[in-house]
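Student: would you be able to build a 3D model of this:
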Amino acid sequence: MLNKGDFVEIEFLGRIKGGEIFDTNIKEKAKEINLEMETKPLIICLGQEMMLKSIDESLIGKKPGESFSLDLKPKEAFGERDRKLLRTIPIKVFLEQKINPYPGLVLNMDGMIVRIAAVSGGRVTADFNNPLAGKELVYELHIKKKIESLEEKAKALINFFLRKDFKFEIKDNKLIIEAIEPEQKYISIFKDKFEEILNLDMDFKLPEKKEKQEENSQES
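Tutor: A predicted model of the protein is given here:
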């Protein structure tokens with residue numbers, strides 16, 4: 001049985017209830033919907049809400065190898081639609097960025113996915129609701145296996161939290177990540193989270209090329 005804190009590799013497919021697939025990491029299904037992304041194994045730590053909380057909770061108590069479907073109401077998924085998240089923006093804001101807004105256009109604004117709902121005169125109505133807000137969803141999930149390797153666990157957390165494939169090693173009860181100094185400051189934001197989940201201290205070392213550059217500058 002899977003418990004909070006376990007790492008599992010899963011395959012998933014999310015669809016709007018009665019409608020289309022909107023996300024998956026299954027290669028064949030991704031091709032069907034022309035999903036332009038690299039499909040790869042998804043490894044998550046249960047209890048850390050690395051997927052929707054409702055999905056996370058549904059995996060606890062299951063067994064590796066199980067497949068199941070999960071029906072989610074909007075409040076269990078991406079929430080109900082909120083009219084307060086419809087905002088009117090002067091069209092010149094878009095034109096200054098060389099964007100010609102039109103209804104249905106989807107943009108990334110300040111890290112948020114925004115859909116243009118209407119364009120009238122000099123004003124644009126932008127919808128900051130999640131595109132899946134207000135929708136009932138169905139997830140099909142398959143638990144491929146439980147992850148025991150500490151290296152695989154560390155790699156999964158690095159990819160999830162840091163969004164980059166940093167080189168690392170585990171040595172003397174430490175997770176040692178290769179990163180330049182500006183990256184080290186950013187990674188340190190997640191230091192407590194990594195140490196809590198992996199029960200390893202976090203440390204850093206400079207990439208090999210950077211180390212050699214510093215040695216040469218000291219010698220000269």
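Student: centroid-nearest residue for this structure?
Tutor: The centre of the chain sits closest to Phe160, judged by C-alpha atoms, centre = their mean, with a distance of 5.9 Å.
Student: how about that one, phi and psi?
Tutor: Main-chain dihedrals, Phe160, degrees, to the nearest 10: phi -70, psi -50.
Student: the one 5 residues further on too?
Tutor: According to degrees, to the nearest 10, the main-chain angles of Asp165 amount to phi -90, psi 80.
Student: what residues of stretch 52-63 count as buried?
Tutor: In terms of neighbour count (16 or more other C-beta atoms under 10 Å), stretch 52-63 has its buried residues at Leu52, Ser54, Ile55, Asp56, Ser58, Leu59, Lys62. In this view, the C-beta of every residue, glycine as well, is placed from N, C-alpha and C.
Student: outside of it, which residues touch it?
Tutor: 1-4, 8, 10, 12, 44, 46-50, 68, 70, 72, 76-78, 139, 141, 143 (C-beta atoms under 8 Å, 6 or more residues apart in numbering).
Student: filter those to the buried ones?
Tutor: Listed as buried from these are 2, 8, 10, 12, 44, 46-48, 50, 70, 72, 76-78, 139, 141, 143; burial here means 16+ other C-beta under 10 Å.
Student: those strands in this structure, which residues are they?
Tutor: Using DSSP state E, the strands found in the chain span residues 7-16, 21-24, 42-45, 67-72, 86-90, 106-109, 112-120, 123-127, 137-147, 168-171, 174-178, 201-205.
Student: now mean pLDDT and distance to Ile99 too, for these, in CSV please.
Tutor: Converted to CSV, the strands of the chain look like this (pLDDT from 0 to 100; distance: least, C-beta to C-beta, whole Å):
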stretch, mean pLDDT, distance to Ile99
strand 7-16, 96, 28
strand 21-24, 90, 24
strand 42-45, 95, 33
strand 67-72, 97, 33
strand 86-90, 95, 11
strand 106-109, 89, 7
strand 112-120, 93, 9
strand 123-127, 96, 10
strand 137-147, 97, 30
strand 168-171, 96, 39
strand 174-178, 97, 37
strand 201-205, 96, 39
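Student: which one of the ones you listed lies nearest to Gln97?
Tutor: strand 106-109 (9.4 Å; C-beta to C-beta).
Student: which residues touch that closest one?
Tutor: Ile99, Ile113, Val114, Arg115, Ile116, Ala126, Pro131.
Student: is it true that the residue nearest to the centre of the chain touches Met50?
Tutor: Yes: between Phe160 and Met50 there is a contact under C-beta atoms under 8 Å: 5.7 Å.
Student: find residues that contact each of those two.
Tutor: Ile44.
Student: neighbours of Ile116, just the number please.
Tutor: Counted with other C-beta atoms under 10 Å, the neighbours of Ile116 add up to 19.
Student: equivalent analysis for the one 3 residues further on, please.
Tutor: By other C-beta under 10 Å, the residues close to Val119 number 17.
Student: I figured it hits Pro103, correct?
Tutor: Yes: between Val119 and Pro103 there is a contact at 6.4 Å, judged by C-beta under 8 Å.
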